[in-house]
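Trainee: Here is my input, please return the structure:
(chains A, B, C and D)
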Amino acid sequence: MSALLPFAAAGNGLTDWLAGLFPAGVPFWILGLLGAVIAFALIMVFVSVLAMFSTWLERKVAGHIQVRYGPMRVGGWHGWAQAIADGVKLLIKEDIVLADADRALFKIAPCLVLGAALAAFVALPFGPNAIVADLDLGVFFILAVSSVTTLGVIMAGWGSNNKWSLYGAMREAAQVASYEIPLGLSLMMPVMYYGSLSLHRAGEMQADWFGLHWYVFSDSFWLAIPSFILFFTAALAETKRSPFDLPESESELVAGFHTEYSGIRFSFFFMEEYAAMYLMSAVGTAFWFGAWNFPGLELLAGSALYAPLAVTVFVVKSMILVFVMMWVRWTVPRIRIDQVMTMGYKYLTPLCLILVFLASVWEWAKAALTGA
Amino acid sequence: MDDTTMERPLREGERLVELDVRTQDVEINMGPQHPATHGVLRVLLRADGEILTGAQSHLGYLHRCAEKIGESVDWLQYLPYTDRYDYLSAMNNNLAYSLAVEKLLGIEVPERAQYIRVILAELNRICSHLVAVGTYGLDIGAFTPFFYALRERELLLDIFEKICGARLTYAFIRPGGLMNDAPAGWTDQVRAFTDLFERKWREYWDLLVDNKIFVERTANVGVISEEQAIAWGCTGPMLRGSGVDWDLRRDQPYLVYDRLDFEVVVGQGYRGTVGDCFDRNYVRMYEMLESNRIVRQCLEQMPEGEIQHPEVGLVLRPAPGEAYVGIENPRGELGHYLVSDGNKIARRLRVRGPSFSNLALAEHLLPGCMLADAAAIIGSVDIVVGETDR
Amino acid sequence: MAKDATRDTAWGPVEIHREAARAAADALRSAGCPVELHEPNLPTYAPPGEGKRLAKKHKEENPEYEWRGDSYLLLTDRLRLLEVARFLRDELGYDMLIDATAVDFDAADDHLWAVYQLLALGRKTRLTLKTMVPKADCRIDSLVPVWPAANWHEREAAEMFGIVYTGHPDPRPLLLPEDWVGHPLRKDYQYPDEYHGISCK
Amino acid sequence: MASLQQPAAPANERSYWGNVWQAVKSTAVGLGITFRYLWSKPFTVQYPDEKLPTDDRYRGIHYLEQDLCIYCQACAKACPVDCISMDAKRHGKELEWNFFRVDYQKCMFCELCVYPCPKDCIHMGREYALVAEDRSEFVLELTTWQGLTEAQKVRVAEAEAKKAAKKAAKKAAAAAKEDKEGEEK
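Mentor: Presented below is the predicted three-dimensional model:
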């Protein structure tokens, strides 16, 4: 978390903070570029650590659910260094590019996938002030950018020149394109509640009630809970997590779109998966579970501890949702592709539309009654 | 998929436009190394997108010449080879072979040996079905039930280890009886397992079989009609899953099965059509409970006494002749057709493996299904490639 | 404990199957099919001390080889196999073909046996049907039109024994590679020295 | 347990809300089971550090009671895969062991070698882990000594001395007899 401290202190916008460090008159584009580099470095570090921790957590969760231990050897306590060892192994492994692969696509795909996932982190509010860019269209930006990963997956599947990979890519395309709709629609409920697409604003609006005025506890809780379930289901599909892990379903497609990848390129896909999981969990946290707000945290407002604690609360809350994703993965079987489509179009989308209707009536009625 | 194709007569003013879209089917190799083919089975699939249009099995990657070996080793020496056709139900394989040799010899083993044989065969059936159900979960994409199933299987392997010393390839039930008598405390261990198992069974049901996704993936998928199952010579859960009430343990009883009270589980279209993947899995699930019941009864009825026919030595010389004995293995009828010329080596040793016949039908079920169903259907047939290839 | 009527030995019912074989033989004969019923004695275990010399004794006492075991139907005219098979399935209820295989009893013999194990689910009986296939003209009708189950069994027997199943829909080898030379389960089979450069010795 | 009897086939609940309800309910039930296990003690053990005991009858790597073995080859003949090979030289009653090898690349631990042994001297041991870097290392030598032991050497020497003495005595007797016959002539 210490990596995020300069952020937290930065105020709203990294460039403002940088501007304060440099003498006046430094061109804006230099500050912007510098800010972008710093932001990228911070996000990259955060995502790397996150991916390492998440792989370890995933394996421990899987292990303990399956009445075994998971990794126990590397690093002493419960194999905490296993992910680091794996990371090092992937880094030094030979980078194999198939002779018959479409080399350009094959090489670009992992970078595109990871790049898109990292770009979406820009709009995530880690704390009241810890946000790289507080976009007014925050959540819209996240959805738009993160779906670029699909393009990378399709490139990977096509570029691998492997039929199983191609199948994975086609499934990914069909699945993600379909689930953008319920995902977007399920976000309409909180958006209507907050009246804003900005995640940062959502966080600020949930700060009342001694830090417990979360959307799920608000007067709209009866909309919040079903909409969160719908959002979470769509998010699982969006992040290719079980039961929607069809693009890489190992019992059908061997390893799906990343069958032919190895070494560092494979690790990019891996990091992307965990980054995407975290991203969706963070959006869920920000919109439904009070973002960085927690009872008692307000008391510290103004102190030096406030910003890091707020970031910690946000990350922990998001990680709990990530854990739920893992928990679901190790519980349920995998859906078939036509059922994925059925579920998206016949179940999630209509249900979301019903909720959107109810929410709009409810928010209108609230506004009308309170005379706002 | 039910309402995607609608063929109706053209209405007034409508005309049919044919699009000149030329597609080419993809040919995919599922196997020999593939997570869902349970060993080195290769299925050549032809697919139009996600829909399969053809399938062809290619066997032989695990062919170990069991029948040829049978013509070159002693009757007793062949026993360890029987473990290796269907390595998940080695006790049953031993039993099938031993019964066939005993038929050639014309002997019946002592009663205690028969009871211990039934206990072992039924525990082995549970053992095998646990793997079948667990790996079926894996094929469908559920990982955790597999580990729960293996956990109970481990207890069973301990039981087998205690009585015979081996955990997978037992070579324990031999022509003429058993290799060894049950050690002290063994029956208590078996009884403890039967009690535990019924509790644990519920977990597999709740976690896997009753899961909505599992039901959706298996119900109405890979339907085998009663006629089809019979014509293709399917046996075991494949046949019973299709609604045919046939179990060699009841209908042509061997050993002491005629004294035991058990139900034959028959697929009844619990969640879809009779004979779909769900029903086959359902039959396996409930057969485990029935086996558990049989084991309990055997423990109660088991007499003391010899475990070995007194005149059967280590070198067997059956009379010149032939015998066919088929028994109900976890996967169906395992038959041994033995031809002896009176020497200590078989003249012909034919193994009729259940997976072999069951798999022959599987490739005919695949066309028209989706790619993901290929894993579901092949998984529901529950083949062990060691047996199809022998 | 009362014994069930369906079981007379520990290795399964025997008398029912013998009875069924007799009935089937009668029915087939009256339908004009050339079958012989063979009812060898059931093997009996010799008293202690003699068991191990059983084979020798048999040879001495019965130079012609006394054959023991299951009773079986021997079809003397293999060209009428399909007809007999249809009759067995349609008239006698043998709706399931459990196994189809072949036996090469001796390299010196001039014929193979083609052996079929049939099962009648309704009547709960088994039947063994055999016919001779001369090695000189090693062909026999495929039973796939009657029982699809014969498909893979016949493919296996074809590659292992070199029997040509006429009318088989898919006569590729099943377990052996396509380019395997010889028929391994024949008694006169010569082991190859090498296969694609791999030494087999 | 009555609850485990086969239930009758339920009406196939395929209505829209029925599907939703079943999906949510069955997933929740599954999540409950896995959540319970998440906090339970694992069933597995940490293998090389913690080994489960094998049973008395465990079929592992053989051990041979060499002083009992009479080199009758019964085990080698009984072996289905011919993995046992042995060689010894007989000195009258004593055996000079050359080797008694089991090839664990072939051995399938079927225990068939144990039964025919007339002296009950070959047993299945309880060791199961056999790791080697070269195939030749899987051929294990079960004898604990090669050649003759000191005690055997003494016995062989005694036997030979006895034999020699006997021979000498015989020779002497024969010579004496010859002498006697010569004298008589």
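
Trainee: Can you list the low-confidence ranges for chain D?
Mentor: D:1-14, D:185 (pLDDT under 70).

Trainee: Nearest residue to the middle of it?
Mentor: residue D:62 (2.5 Å; C-alpha atoms, centre = their mean).

Trainee: Tell me the bridge partners for that one.
Mentor: Counting by DSSP bridges, residue D:62 forms beta bridges with residue D:124.

Trainee: same thing with residue B:337?
Mentor: residue B:324, residue B:350.

Trainee: My understanding was that it contacts residue B:321; is that so?
Mentor: No: look at residue B:337 against residue B:321 with C-beta atoms under 8 Å: they stay out of range, at 11.8 Å. Placement of C-beta: from N, CA and C, glycine included.

Trainee: Let me see the contact set for the spatially closest residue to residue B:153 that is not a sequence neighbour.
Mentor: Once flanking residues are discounted, residue B:153 sits nearest to residue B:130: 4.7 Å by C-beta to C-beta, 6 or more residues apart in numbering or on different chains. Neighbouring residues of residue B:130 by C-beta atoms under 8 Å, 6 or more residues apart in numbering or on different chains: B:149, B:150, B:152, B:153, B:156, B:288.

Trainee: Let's see that with 7 Å instead.
Mentor: Residue B:130 sits next to B:149, B:152, B:153 when contact means C-beta atoms under 7 Å, 6 or more residues apart in numbering or on different chains.

Trainee: Would you confirm that residue C:192 contacts residue C:199?
Mentor: No: in this structure, residue C:192 is not within contact of residue C:199 by C-beta atoms under 7 Å, at 9.8 Å.

Trainee: Among the two, which residue is more densely surrounded?
Mentor: residue C:192 (14 against 8; other C-beta atoms under 10 Å in any protein chain shown).

Trainee: Quick check on the closest residue to the more buried one other than its chain neighbours: phi, psi?
Mentor: Leaving aside its sequence neighbours, residue C:192 sits nearest to residue C:200 (C-beta to C-beta, 6+ apart; 5.4 Å). Backbone torsions for residue C:200, taken as degrees, to the nearest 10, come to phi -100, psi 0.

Trainee: Burial check on residue C:200, number of neighbours?
Mentor: 8.

Trainee: OK, contacts around it?
Mentor: C:191, C:192, C:193, C:194.

Trainee: Dump those to a markdown table, plus pLDDT.
Mentor: Listed next are the contacts of residue C:200 as a markdown table, based on pLDDT from 0 to 100:
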| residue | pLDDT |
| --- | --- |
| C:191 | 83 |
| C:192 | 83 |
| C:193 | 83 |
| C:194 | 83 |
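
Trainee: Looking at those, which is nearest residue A:76?
Mentor: The nearest member of those to residue A:76, counting by C-beta to C-beta, is residue C:194 at 54.0 Å.

Trainee: Run a quick neighbour tally on that closest one.
Mentor: 9.

Trainee: For it, give the beta-bridge partners.
Mentor: residue C:199.

Trainee: which residues in the chain form strands?
Mentor: Defaulting to chain A. All residues of chain A lie outside strands when identified by DSSP state E.

Trainee: think we crossed wires, I meant chain C
Mentor: Using DSSP E, strands in chain C cover C:35-38, C:68-69, C:72-75, C:96-103, C:111-120, C:125-134, C:139-141, C:164-166, C:194-195, C:198-199.

Trainee: which stretch of helix or strand covers residue B:335?
Mentor: Element membership of residue B:335 [criterion: DSSP states H and E] is strand B:332-340.

Trainee: among the contacts of residue B:130, which are in helices?
Mentor: B:149, B:152, B:153 (DSSP state H).

Trainee: So which of these wins on neighbours?
Mentor: residue B:149 leads those on contacts (other C-beta under 10 Å) with 26 neighbours.

Trainee: The closest residue to that residue other than its chain neighbours: neighbouring residues, count only.
Mentor: Distances taken as C-beta to C-beta, 6+ apart put residue B:134 closest to residue B:149, at 3.3 Å, once the chain neighbours are dropped. By other C-beta under 10 Å, the residues close to residue B:134 number 24.

Trainee: any idea which of the contacts of residue C:200 is closest to chain D?
Mentor: residue C:191 (16.5 Å; C-beta to the nearest C-beta).

Trainee: Quick check: that closest one vs residue C:201, distance?
Mentor: 8 Å (C-beta to C-beta, to the nearest Å).

Trainee: Which one of those two is surrounded by more residues?
Mentor: Between residue C:191 and residue C:201, residue C:191 has the larger neighbour count (other C-beta under 10 Å), namely 9 against 6.
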